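In: Model the structure of this input:
(2 chains, ligands or ions: 1)
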Amino acid sequence: MDRILVLSVFVVASCGLAYELIAGALTSYLLGDSVLQFSSIIGCYLFAMGVGSHLSKYVKEERTLAAFVEIELLVGLIGGLSATVLFLVFAWASAPFRSVMYALVFCIGVLVGMEIPLVMRVMNARQAEFKELVSRVLTFDYLGALAVSLLFPLVLAPKLGMARTGLLFGVLNAAVAMWTCWAFRRDIPQLAGKLGRAGLVLLALLTAFAFSDKLTTLAEKGLFGDDVIHAETTRYQRMVVTRWHDDLRLYLNGNLQFSSRDEHRYHEALVHPVLASLPWAKRVLVLGGGDGLALREILRYPNIEHVTLVDLDPAMTTLFSTAPMLTALNKGSLKDKRATVVNADAAQWLEGNAETFDAIIIDFPDPTNFALGKLYSVPMYRLVQRHLAEHGLAVVQSTSPYFAPKSYWCIDATLREVGFNTWPYHAYVPSFGEWGFILFSKTPNYQPPEHYALPMRFLDADSTRLMFQFPADMRRVQVEPNRLNSQSLVHYFEEDWHNVLR
Amino acid sequence: MKRRDFLLLSAGMLAGCTLPPRLAIHRYAPGMAEGHALRDRKALPAPSAELHTDVLILGSGIAGLTAGWRLAQQGYQDFLLLSGPEPHGNASAAHLAGTDCPRGAHYLPIPGMAATQVRELLAEMGVIERGAGTPAPYYDERSLVHAPEERLYQNGQWHSGLLQPGNADENAQIKRFFALVDQLKQKRGSDGKRIFEIPSALASQDPQWRALDRITFDAWLDREGYTSPQLRWYLDYACRDDFGATSARTSAWAGLHYFCSRDGRAANADNDAVLTWPGGLNPLARYMQQRIGAARALPGLAARVSERQGKVETLVWQPQQQRMLRIHARRVICAMPLHVAIHVVEGMGALGFDAQTHMPPHAPWLVSNFAFDHFPSEAHGVPLAWDNVVYGSRSLGYVVATHQLIRAARPEQTVFTAYHALADNTPEAARRWLQQASDDDLYQLAATDLAAVYGWKLWQNAAQVEITVRGHAMASPTPGFLSNTGLAALRACDGPIQFAHSDLSGFSIFEEAAWWGDAAARRILRA
Ligand SMILES: Cc1cc2nc3c(=O)[nH]c(=O)nc-3n(C[C@H](O)[C@H](O)[C@H](O)COP(=O)(O)OP(=O)(O)OC[C@H]3O[C@@H](n4cnc5c(N)ncnc54)[C@H](O)[C@@H]3O)c2cc1C
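Out: A predicted model of the protein is given here:
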């Protein structure tokens, strides 16, 4: 009999440590700052265990075994579901996340704190020798902890993930409860009720285990509205790909990058006004554009011999060169023989490279912060200038001339400050609204194409002519170029969108 | 009990995977051993070689380098530049965590019209791209400080600018002070010169204004009714930052000079923009060094300088070769700090400089480069700026070495350079403290602001720290410094031995050092 109890101590100890580790790891994963998260969670947990040990003395002598079973079931249920619940809470609202997390940790701690004192009392009542008892319980307590401390980082977390690891330990707790019930069936009052509850808890946990993948996907769906087919936090950004029917979407840090429904409009407008005018072009540089969609358009030209694509995030270019649904969209452009993908910070790469290109296509994220603002600055465009052939053309995606007029015309002013000739244009992309581009070159004689040799879905002579005309509500506004000393663009961008969202 | 320990230990180990090993502290005191040996007049070995040169420059700080740059630029062939114990002096840099970082001077305000030689240097380097002779030249933006330039940590949040608005009365005082500054910037003395000018040698001699040098900045502020704690903290910070002395010890003339002398403008930046590089001002020093050429650079330090029959004989100790050189020169430019010069140059008294009465006080400084493995996470408010200052602190904040990089993503590693002038004590007392301070004591002081801002994250993210200890870092302009006759005598020296160092101005900024270096070179070129 005692052997069973001692074994259950082993399991109980492993579960106790596991919940603590899961809470710590999950929180540092979601919120960062691992030392803070771990130490505050351990602190909270240990304190709660102290409270639990203290509370255990109020359990009447004759009820110790029953109480132990009930507590096991509760720990199993709360602890087991804790990671899943935390995920869901985080997905819907991050504000109450911390409070929920500490509340959970505290509850689990209190319950776990009651376990060992209760087991000791049960065994004590069964006339085990005290010296022997303490030594055995504690030995197995430590062994259980040791097992989990090794299993968790090496096997469980990488193989099962947080949510399912949690559920697994919940199942173990519930199993201990059931087993104890069965082994001590003669000493436990209202046995049937307890067994029934244990069964329910087990069932709940196992169901959650089976559907836990769905649950986390559901959580992200709560964020994005559609099915999440890929989600990843890279060193640089949070990358989420969603699908709803035939519409694939990419979000970076929650901002929509493209929708497969209308991305052809964006990418045709980005690439072809440049390349259709450069039938002699052989070498192209793409800055940004790790989704390979602009690259797909570029590679349609047989005269293009080589394209270098520089994108910061290897996770992005890897995903878009391997995931079947995405390579179907970009036609495997990133794996094309004529393309070289470089993962580097654009300016750093330009600083350290001496090649020149006949065309340069720039597709950076919007200037939402000072670091990204630097990619649209005078010195940055000077670097671009050094890499652009004398008669080459370049284009930059330049936010919306309709929603963000100051930002748009600031980018134009910045290019002119560097000495470029510019040809601003815009196109309607339903999922973005009216979107802007600026074509620029060292020489002043560019004419928008009047026909396209390649078949286009969106562009033709008429739409191209309209693209280069700016109606009254998108006219040029007088703004300062984006100088690094003041970074006016970042301020304009903030102002512009503040006005739109008001 | 054991269960607790085990839980703590195992979880700690898991979190600990991201922890760097204990912070390594490296203490660096350039020139200290050499300087103290000269002071203690240790016996000198006999010279083992002789050298002849027309001009010998002693010291490779900004003053010495500017002199050499000017000579080289004018095609002057026959000169040598002796590095001294620390090449580039206060304008030197370290290389840590993949980036250059300053060991001293870190920024140069946009020079005004009077600082002609500084503009000339910048134009030659390409930092000024066009219009070097116009009031607002066009600068290479990479060297102008990038936004956000500075921020202030107050009440647990970061604010933009170094002076936060206070109550109505405080704001009125702040407005009044800066209105006065704007007015004084334009003001000219009875001799038609600007009252406050950089270089200070070109400032007005009008006694009415120079009388400000008789009282401390604090006394002047009290007299003028500037009582706002915000403003007073800021002004005291400015004095400690520029002069290494509190506003209670700084001359009122110098205190106002800091604000009223700067009138530089740029075509493509705000007027209060500054020039800076990852290694602080070191690229300027390196440029001049390279212009002078390796063939004219001589490692070693001057141990004795003596005038003999209208020529100068210098004993130079070269520690690497372990040898003493005797160098004969027609003329010597002594570009070392005066507290060293008095132990090296014979007959300074005869030149009019008495060490007892004329030596300007030299403030001790710590420049601490914290190498970070990761950028620490930031408190609310304005994001990480180039210059980051903590309100109410007795330290001077920190600058970020990688701020000027054009990058979409932050580099993995960076260096934060924390500045601290030991200004709360007399320089002598502060130096005695430094002499006996342990590495931990130094670290505590060096990390004052970083610890206040980042707390334990500092310990988590910082990998190592190099603390540069400068016992006699810079001359502080205390009341009366403008009428220091000893300095006036050295400034006028035009014989075989001349002097060139920021000490001659009585306060230390790049432009002053450059002015004296240039002046010495011009005297030689004129002769
Ligand atoms: C911490 C700190 C921060 C600063 N920040 C700024 C700033 O941001 N902007 C600014 O404009 N100014 C700043 N300054 C002021 C700085 O001192 C000046 O800009 C300038 O670098 C001073 O140059 P210098 O030539 O006068 O003197 P130093 O830099 O003192 O140069 C003296 C030279 O003499 C050499 N020497 C010493 N002994 C001997 C010997 N026996 N024989 C031969 N040579 C010898 C030394 O090796 C050194 O090369 C700062 C100073 C400090 C200490």
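In: what comes up buried for the strand or helix carrying B:L121?
Out: Per DSSP states H and E, B:L121 falls inside helix B:116-125. With burial defined by 16 or more other CB atoms under 10 Å in any protein chain shown, the residues of helix B:116-125 counted as buried are B:T116, B:Q117, B:V118, B:R119, B:E120, B:L121, B:L122, B:A123. To be clear about C-beta, it is placed using only N, CA and C from the backbone, and glycine gets the same treatment.
In: I'd like these as JSON lines, with pLDDT and distance to B:Q290 appended.
Out: Output for the buried residues of helix B:116-125, formatted as JSON lines (pLDDT from 0 to 100; distance: CB to CB, whole Å):
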{"residue": "B:T116", "pLDDT": "95", "distance to B:Q290": "22"}
{"residue": "B:Q117", "pLDDT": "95", "distance to B:Q290": "18"}
{"residue": "B:V118", "pLDDT": "97", "distance to B:Q290": "18"}
{"residue": "B:R119", "pLDDT": "97", "distance to B:Q290": "19"}
{"residue": "B:E120", "pLDDT": "97", "distance to B:Q290": "16"}
{"residue": "B:L121", "pLDDT": "98", "distance to B:Q290": "13"}
{"residue": "B:L122", "pLDDT": "98", "distance to B:Q290": "15"}
{"residue": "B:A123", "pLDDT": "98", "distance to B:Q290": "16"}
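In: ok, these vs chain A, which is closest?
Out: B:L122 (15.4 Å; CB to the nearest CB).
In: ok, now which ones touch the closest one?
Out: Going by CB atoms under 8 Å, 6 or more residues apart in numbering or on different chains, B:L122 touches B:P111, B:I128, B:A132, B:Y139, B:L275.
In: Quickly note the distance from it to B:A72.
Out: From B:L122 across to B:A72, the span is 17 Å (CB to CB, to the nearest Å).
In: With B:V145 instead?
Out: Separation of B:V145 from B:A72 (CB to CB) stands at 29 Å.
In: Have a look at those two and say which one is more surrounded.
Out: B:V145 (25 against 19; other CB atoms under 10 Å in any protein chain shown).
In: Could you look up the SS state of the spatially closest residue to A:T234 that is not a sequence neighbour?
Out: Excluding its sequence neighbours, the residue lying closest to A:T234 (CB to CB, 6 or more residues apart in numbering or on different chains) is A:A315, at 3.9 Å. With DSSP: H, G, I helix; E, B strand; the rest coil as the basis, A:A315 sits in helix.
In: Ok, the one 5 residues further on next?
Out: Going by three-state DSSP, the secondary structure assigned to A:F320 is helix.
In: before we move on, back to that, out of the contacts of B:L122, list just those in strands.
Out: The strands, defined by DSSP state E, take in B:I128, B:Y139, B:L275 from those.
In: got a markdown table for these, with neighbour count too?
Out: Listed next are the ones in strands among the contacts of B:L122 as a markdown table, based on neighbours: other CB atoms under 10 Å in any protein chain shown:
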| residue | neighbour count |
| --- | --- |
| B:I128 | 26 |
| B:Y139 | 24 |
| B:L275 | 26 |
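In: Can you name the residues of the stretch 51-200 of chain B sitting close to chain A?
Out: Neighbours of chain A within the stretch 51-200 of chain B, by CB under 8 Å from any CB of the partner chain: B:D140, B:E141, B:R142, B:L144, B:V145, B:H146, B:A147, B:P148, B:E149.
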